[in-house]
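>>> One predicted model, sequence on top.
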Amino acid sequence: MKLQQGQLWKKDNEYIRIVHWERFAIEYKSMTELESGEGTLHQLSKKEFCRLLKGAELIEPIP
């Protein structure tokens with residue numbers, strides 16, 4: 001799976017959206033509800049982010 005800016009992932013009761021993607025770092029927003037769009041911004045290295053996503057499900061955008 002290739003990481004891209006704007007992808008939305010679901011892990012347990014949390015939604016994770018990639019806000020800004022760089023070669024070595026990822027800035028993401030962690031949300032509990034999609035409708036409100038409220039959440040907290042976090043920044044991790046790409047390796048740490050991939051570990052965070054382990055077991056998460058990619059939510060495909062509706063065309």
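On my side now, so go ahead. Everything quoted here is computed from the prediction, not taken from an experiment.

>>> Check which element follows the helix or strand containing residue 28 along the chain.
For residue 28, the enclosing helix or strand under DSSP states H and E is strand 25-31. Going down the chain from strand 25-31, the next helix or strand is strand 39-45, by DSSP H and E.

>>> Give me the contact list for that next one.
If you take Cβ atoms under 8 Å, 6 or more residues apart in numbering as the criterion, strand 39-45 is touched by 15, 17, 19, 24-32, 52. (Each C-beta comes from the backbone N, C-alpha and C, glycine too.)

>>> can you check stretch 28-36 too?
Against stretch 28-36 from outside (Cβ under 8 Å, 6+ apart): 8, 13-19, 37-44, 49.

>>> Report the buried residues of it.
Going by neighbour count (16 or more other Cβ atoms under 10 Å), the buried part of stretch 28-36 is 28, 29, 31.

>>> Over to stretch 4-22?
7, 8, 9, 15, 16, 17, 18, 21.

>>> Which pair of the residues you listed spans the longest distance?
Greatest spacing in the buried residues of stretch 4-22, by Cβ to Cβ: 15 and 21 (17.0 Å).

>>> Residue 56: neighbouring residues, count only.
For residue 56, the count of nearby residues is 14 (other Cβ atoms under 10 Å).

>>> What residues are bridge-paired with the nearest residue to it once chain neighbours are set aside?
Closest residue in space to residue 56, ignoring its immediate chain neighbours: residue 11 at 3.8 Å, by Cβ to Cβ, 6 or more residues apart in numbering. Assessed by DSSP bridges, residue 11 has beta-bridge partners residue 14.
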